[in-house]
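S.K.: The following block contains a protein sequence and its predicted model.
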Amino acid sequence: MAKPPKPSTVKRGTRVAVLGAGSWGTTFAKILADGGADVMIWARRPELAREIQEAKRNSDYLPGINLPVSLRATSRLDLALAGAEQVFLAVPSQSLRETLAAARPHLGANAIVVSLMKGVEKGTDLRMSEVIGEALPIPAEQIAVVSGPNLALEIAKEQPTAAVVSSTSLETAQAVAKLASTGYFRTFVNTDVIGTEFGGVLKNLIAVAIGIVDGVGYGENTKASIITRGLVEMTDFAVAHGAQVETLSGLAGLGDLIATCQSPLSRNNTAGRLLGQGLSMADVTKQMKQTTEGFASVGPVLELAKAKGVDMPIVEQVRQVLAGTLKPADIAPHLTTDSDEPQGERNLDDAQAQGGAAVWRSVKRAFHQLRNGGGSSLGDRP
Ligand SMILES: NC(=O)c1ccc[n+]([C@@H]2O[C@H](COP(=O)([O-])OP(=O)(O)OC[C@H]3O[C@@H](n4cnc5c(N)ncnc54)[C@H](O)[C@@H]3O)[C@@H](O)[C@H]2O)c1
Ligand SMILES: O=P(O)(O)OC[C@H](O)CO
């Protein structure tokens, strides 16, 4: 068990709101309350708000977890948002826009708005911070995102972990990180919002692939190959969209990839396993009681990849399994390439051709830094 949190007096009592009382919203509300903030969580369903407010429990999403006595809950957005200096969003990605439309009239002009979500909006292909920027009249400097190896139930049990808070404004990232830190939850900061968000989105898709091969009955070699090649896919994609290479090897990339691919607690991993066992996408969706972001993200991610000419064989095969056009057992033999010619493992020449000189320079810079043991100016830092 982690040491009890020692909240700093500076942040004690800061008013914050958490919108969304599923597994991650409730767990994050606990982190913030344990860190000393004055937290009100908004649940869409009044009966859930009542359970959290009165019993300090969320039995559907976090069975067996006692929530902090200081945590308050409501099903009224106006009450949740009144006076909130920081607002944390943890609804399913596809419902963010409607949640923001309802929240907008009650939001303070200076409030920092933080996405805890790991999805891309269908139809617009926008990241969550981009949806927030479109839907709310606030500058990018007031928007932040949190990502990392953060399986909610483990954290709710106070098993220690870490995360990254990212904002184009380092000051904003630090203000959020200060509130969202407690004895069992350590937050780092960076300014690479693109890399931090895409890390969380993309690892979900690789975790679905891992679940699929697990469900088929393949072993550790297959999974290790997919994780390793998956990280290459994630990195190529994110860098082509402007991310820093080092973010993808940090908590929001590799860290989250490991956690999600290894854990049966992961919904994406679990959903993949059901697919691998032969269930259709429709049956898996019916069976999953919680949000499986990977299913909704696969289309938008492949569209974004196509726009930048990035090859994503693993994600493409996940799409085919979801569509029912590829047998789960056939996912592994196709992992590397359509070509009969052997390729260099990192396919840097491909990355150069696909992503252009900027990608190539970025990759070379990261390797140079690694070889020289140098730190990165933009990687996760305390
Ligand atoms: N659970 C985790 O371990 C975890 C960790 C990190 C990030 N995330 C991310 O957090 C986000 C939320 O995930 P979660 O695990 O809390 O999901 P969840 O399924 O546990 O909970 C989602 C909550 O949103 C509510 N909801 C559903 N539709 C809604 C709508 N239209 N409007 C408002 N509320 C609605 C649900 O009632 C539920 O309370 C996802 O993007 C997920 O990737 C989850
Ligand atoms: O349960 P998943 O698959 O949505 O993953 C939860 C978190 O994103 C893990 O960091």
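M.R.: That came through fine. Ligands and ions are numbered 1, 2, ... in the order given.

S.K.: Could you use CA atoms for every contact and neighbour count after this?
M.R.: Fine.

S.K.: roughly how far apart are the residue nearest to Gln94 when sequence neighbours are not counted and ligand 1?
M.R.: Spatial nearest neighbour of Gln94, chain neighbours left out: Glu121 (5.7 Å); criterion: Cα to Cα, 6 or more residues apart in numbering. Taking Cα to the nearest ligand atom, to the nearest Å as the measure, Glu121 falls 11 Å from ligand 1.

S.K.: One more: Val16?
M.R.: 17 Å.

S.K.: what sits against Ala82?
M.R.: Neighbouring residues of Ala82 by Cα atoms under 8 Å, 6 or more residues apart in numbering: 106-108.

S.K.: Need those residues in CSV (columns: pLDDT).
M.R.: Listed next are the contacts of Ala82 as CSV, based on pLDDT from 0 to 100:
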residue, pLDDT
His106, 98
Leu107, 98
Gly108, 96
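
S.K.: Next step: the residues you listed restricted to strands.
M.R.: Among the contacts of Ala82, DSSP state E puts none in strands.

S.K.: Kindly reformat those residues as a markdown table containing neighbour count.
M.R.: Shown next, in a markdown table, are the contacts of Ala82 (neighbours: other Cα atoms under 10 Å):
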| residue | neighbour count |
| --- | --- |
| His106 | 15 |
| Leu107 | 24 |
| Gly108 | 16 |
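
S.K.: and which of the residues you listed is nearest ligand 2?
M.R.: Using Cα to the nearest ligand atom, Leu107 comes nearest to ligand 2 of those, at 26.5 Å.

S.K.: confidence score at the residue lying closest to the closest one once chain neighbours are set aside?
M.R.: Excluding the flanking residues, the one nearest Leu107 by Cα to Cα, 6+ apart is Leu81, at 6.1 Å. We have a pLDDT of 98 for Leu81.

S.K.: For the residue of the stretch 151-300 of the chain found nearest ligand 2, which non-adjacent residue is closest in space?
M.R.: The nearest approach of the stretch 151-300 of the chain to ligand 2 comes at Ser266, 3.3 Å away (Cα to the nearest ligand atom). Once flanking residues are discounted, Ser266 sits nearest to Thr260: 5.6 Å by Cα to Cα, 6+ apart.

S.K.: Give me the number of neighbouring residues for that neighbour.
M.R.: Per other Cα atoms under 10 Å, the neighbour tally for Thr260 reads 29.

S.K.: Quickly find the element holding it.
M.R.: Assessed by DSSP states H and E, Thr260 sits inside helix 256-262.

S.K.: Give me the distance from that helix to the chain's centre.
M.R.: Distance of helix 256-262 from its chain centroid, counting by Cα atoms, centre = their mean, to the nearest Å, is 11 Å.

S.K.: right, is it up against ligand 2?
M.R.: Yes - counting by Cα under 6 Å from any ligand atom, ligand 2 has neighbours in helix 256-262: 256, 260.

S.K.: Roughly how far does the residue lying closest to Met234 once chain neighbours are set aside sit from Arg72?
M.R.: Nearest residue to Met234 in three dimensions, chain neighbours excluded: Leu202, at 6.0 Å (Cα to Cα, 6+ apart). Taking Cα to Cα, to the nearest Å as the measure, Leu202 falls 33 Å from Arg72.
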